[in-house]
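*Asks:* Below: sequence and its predicted model.
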Amino acid sequence: MNFETLRKKALDALYEFRNGDDRRLLDLDVNERTISHKLAEYLQKKFELSVDCEYNRHGKKPKRIFREYGVAGYDDTTGRTVFPDIVVHQRGTDVENLLVIEMKKSSNPDPRDFDKQKIEAYGKEVDYEFGLFLEMNVKNSSDYLEWYENGEFKEKEIITYQI
(Lines give C-alpha, C1' and ligand atoms only; values in the text may rest on other atoms or scores of the structure.)
Protein backbone atom coordinates (compact mmCIF):
# COMPACT_ATOMS: atom_id res chain seq x y z
CA MET A 1 0.00 0.00 0.00
CA ASN A 2 1.38 3.42 -0.83
CA PHE A 3 1.57 6.27 1.67
CA GLU A 4 -1.28 8.35 0.24
CA THR A 5 -3.71 5.42 0.34
CA LEU A 6 -2.69 4.59 3.92
CA ARG A 7 -2.91 8.24 4.98
CA LYS A 8 -6.41 8.59 3.50
CA LYS A 9 -7.66 5.47 5.29
CA ALA A 10 -6.20 6.59 8.60
CA LEU A 11 -7.62 10.11 8.24
CA ASP A 12 -11.03 8.70 7.31
CA ALA A 13 -10.98 6.63 10.52
CA LEU A 14 -9.97 9.68 12.57
CA TYR A 15 -12.74 11.72 10.96
CA GLU A 16 -15.34 9.06 11.76
CA PHE A 17 -14.09 8.86 15.35
CA ARG A 18 -14.23 12.64 15.72
CA ASN A 19 -17.71 12.85 14.18
CA GLY A 20 -19.26 9.89 16.01
CA ASP A 21 -20.48 9.36 19.54
CA ASP A 22 -17.02 8.22 20.63
CA ARG A 23 -15.66 11.78 20.35
CA ARG A 24 -17.12 12.24 23.86
CA LEU A 25 -14.20 10.17 25.12
CA LEU A 26 -11.96 13.14 24.31
CA ASP A 27 -14.40 15.59 25.92
CA LEU A 28 -14.31 13.43 29.07
CA ASP A 29 -10.50 13.21 28.88
CA VAL A 30 -10.59 9.44 29.49
CA ASN A 31 -7.53 7.19 29.57
CA GLU A 32 -5.47 7.03 26.35
CA ARG A 33 -5.92 3.25 26.19
CA THR A 34 -9.68 3.69 25.96
CA ILE A 35 -9.31 6.21 23.14
CA SER A 36 -6.77 4.12 21.23
CA HIS A 37 -9.00 1.05 21.52
CA LYS A 38 -11.98 2.92 20.05
CA LEU A 39 -9.83 4.45 17.32
CA ALA A 40 -8.59 0.94 16.46
CA GLU A 41 -12.20 -0.11 15.89
CA TYR A 42 -12.58 2.64 13.27
CA LEU A 43 -9.25 1.70 11.68
CA GLN A 44 -10.35 -1.95 11.45
CA LYS A 45 -13.18 -0.87 9.13
CA LYS A 46 -10.66 0.71 6.75
CA PHE A 47 -7.97 -1.96 6.54
CA GLU A 48 -8.13 -5.62 5.49
CA LEU A 49 -5.35 -6.52 7.94
CA SER A 50 -5.63 -7.04 11.71
CA VAL A 51 -5.75 -3.93 13.88
CA ASP A 52 -4.58 -4.56 17.45
CA CYS A 53 -3.91 -2.47 20.54
CA GLU A 54 -0.78 -3.01 22.62
CA TYR A 55 0.21 -6.05 20.57
CA ASN A 56 3.52 -7.26 21.97
CA ARG A 57 4.45 -10.16 19.71
CA HIS A 58 7.05 -10.48 16.98
CA GLY A 59 5.98 -13.83 15.54
CA LYS A 60 5.60 -15.91 18.70
CA LYS A 61 8.27 -14.07 20.68
CA PRO A 62 7.83 -10.80 22.59
CA LYS A 63 8.30 -7.71 20.42
CA ARG A 64 11.55 -5.99 21.47
CA ILE A 65 13.50 -2.98 20.38
CA PHE A 66 17.25 -2.83 20.91
CA ARG A 67 18.01 0.85 21.08
CA GLU A 68 19.27 3.02 23.86
CA TYR A 69 16.86 5.76 24.78
CA GLY A 70 17.64 8.76 26.90
CA VAL A 71 14.29 8.49 28.63
CA ALA A 72 14.01 7.41 32.27
CA GLY A 73 12.94 3.80 32.71
CA TYR A 74 14.21 2.54 29.37
CA ASP A 75 17.89 1.95 30.04
CA ASP A 76 17.89 -1.76 29.16
CA THR A 77 20.45 -1.97 26.34
CA THR A 78 19.76 -5.69 25.72
CA GLY A 79 16.21 -5.10 24.59
CA ARG A 80 12.89 -3.99 26.02
CA THR A 81 9.50 -5.50 25.37
CA VAL A 82 7.31 -2.89 23.72
CA PHE A 83 3.56 -2.46 23.46
CA PRO A 84 2.62 -0.16 20.58
CA ASP A 85 -0.68 1.66 21.09
CA ILE A 86 -2.12 0.45 17.77
CA VAL A 87 -0.73 -1.72 14.97
CA VAL A 88 -2.14 -2.58 11.55
CA HIS A 89 -0.49 -5.84 10.53
CA GLN A 90 -0.77 -9.50 9.68
CA ARG A 91 -0.54 -11.39 12.97
CA GLY A 92 2.25 -13.90 13.48
CA THR A 93 4.44 -12.79 10.58
CA ASP A 94 6.51 -9.84 9.41
CA VAL A 95 5.12 -10.04 5.88
CA GLU A 96 2.76 -7.10 6.39
CA ASN A 97 3.71 -4.86 9.30
CA LEU A 98 1.92 -1.91 7.75
CA LEU A 99 1.36 0.77 10.39
CA VAL A 100 2.32 1.40 13.99
CA ILE A 101 0.64 4.23 15.92
CA GLU A 102 1.73 5.87 19.15
CA MET A 103 -0.97 8.16 20.54
CA LYS A 104 -1.05 10.90 23.17
CA LYS A 105 -3.84 13.15 24.36
CA SER A 106 -3.01 16.84 24.38
CA SER A 107 -3.71 16.83 28.14
CA ASN A 108 -0.94 14.28 28.79
CA PRO A 109 2.12 16.15 30.13
CA ASP A 110 4.55 13.30 29.35
CA PRO A 111 7.27 14.03 26.79
CA ARG A 112 6.60 12.94 23.23
CA ASP A 113 10.19 12.11 22.27
CA PHE A 114 10.13 8.53 23.54
CA ASP A 115 6.99 7.73 21.51
CA LYS A 116 8.63 9.11 18.39
CA GLN A 117 11.82 7.14 19.06
CA LYS A 118 9.74 3.97 19.41
CA ILE A 119 8.10 4.63 16.03
CA GLU A 120 11.55 4.99 14.48
CA ALA A 121 12.63 1.70 16.09
CA TYR A 122 9.48 -0.13 14.94
CA GLY A 123 10.30 0.89 11.37
CA LYS A 124 13.99 0.04 11.52
CA GLU A 125 13.99 -2.97 13.82
CA VAL A 126 10.56 -4.58 13.55
CA ASP A 127 9.93 -3.73 9.88
CA TYR A 128 6.84 -1.54 10.14
CA GLU A 129 6.50 0.21 6.81
CA PHE A 130 4.71 3.28 8.21
CA GLY A 131 4.45 4.95 11.59
CA LEU A 132 2.21 7.63 13.01
CA PHE A 133 2.63 9.74 16.10
CA LEU A 134 -0.83 11.08 16.87
CA GLU A 135 -1.62 13.78 19.42
CA MET A 136 -5.37 14.11 19.86
CA ASN A 137 -6.54 17.45 21.19
CA VAL A 138 -9.06 17.12 24.03
CA LYS A 139 -10.01 20.81 23.96
CA ASN A 140 -10.85 21.24 20.28
CA SER A 141 -11.38 19.32 17.07
CA SER A 142 -7.83 19.13 15.80
CA ASP A 143 -5.10 16.52 15.84
CA TYR A 144 -1.34 16.77 15.36
CA LEU A 145 0.17 14.00 13.23
CA GLU A 146 3.75 13.03 12.44
CA TRP A 147 4.16 10.41 9.73
CA TYR A 148 7.12 8.04 9.40
CA GLU A 149 8.20 5.69 6.61
CA ASN A 150 10.59 2.81 7.32
CA GLY A 151 11.49 4.43 10.63
CA GLU A 152 12.33 7.83 9.12
CA PHE A 153 10.36 11.02 9.69
CA LYS A 154 8.32 11.86 6.59
CA GLU A 155 6.02 14.81 7.33
CA LYS A 156 3.81 16.46 9.91
CA GLU A 157 0.37 17.95 9.69
CA ILE A 158 -2.44 19.37 11.77
CA ILE A 159 -5.92 18.16 10.91
CA THR A 160 -8.91 20.27 11.95
CA TYR A 161 -12.30 18.56 11.72
CA GLN A 162 -15.60 20.21 10.90
CA ILE A 163 -17.95 18.79 13.52
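*Replies:* Thanks, I have the structure now.
*Asks:* Tell me the buried residues in the longest helix belonging to the chain?
*Replies:* Secondary structure of the chain per DSSP state H: the longest helix is helix 3-19. Across helix 3-19, burial judged by 16 or more other CB atoms under 10 Å covers 6-7, 9-11, 13-18. Backbone N, C-alpha and C define where each C-beta goes, glycine included.
*Asks:* Averaging pLDDT per element, find the lowest-scoring helix or strand in this structure.
*Replies:* strand 80-81 (a mean of 58; mean pLDDT, DSSP states H and E).
*Asks:* Show the subsequent helix or strand relative to that one.
*Replies:* Next along the chain after strand 80-81, taking DSSP states H and E as the criterion, comes strand 86-89.
*Asks:* which residues are contacting that following strand?
*Replies:* 36, 39-40, 43, 47, 49-53, 55, 96-101, 103, 128 (CB atoms under 8 Å, 6 or more residues apart in numbering).
*Asks:* What average pLDDT does that strand get?
*Replies:* Mean pLDDT, computed over strand 86-89, is 96.
*Asks:* Name the strands paired with the helix or strand following that strand and say parallel or antiparallel.
*Replies:* Next along the chain after strand 86-89, taking DSSP H and E as the criterion, comes strand 97-105. Here strand 97-105 is paired, per DSSP bridges, with strand 86-89 (antiparallel), strand 130-136 (parallel).
*Asks:* What is the helix or strand following the longest one packed up against?
*Replies:* Per DSSP H and E, strand 130-136 leads on to strand 142-149 as the next helix or strand towards the C-terminus. Contact here means 3 or more CB pairs under 8 Å, 6 or more residues apart in numbering; DSSP states H and E; on that basis strand 142-149 packs against helix 3-19, helix 113-125, strand 130-136, strand 152-160.
*Asks:* do you know which of these lies nearest Glu32?
*Replies:* strand 130-136 (8.6 Å; CB to CB).
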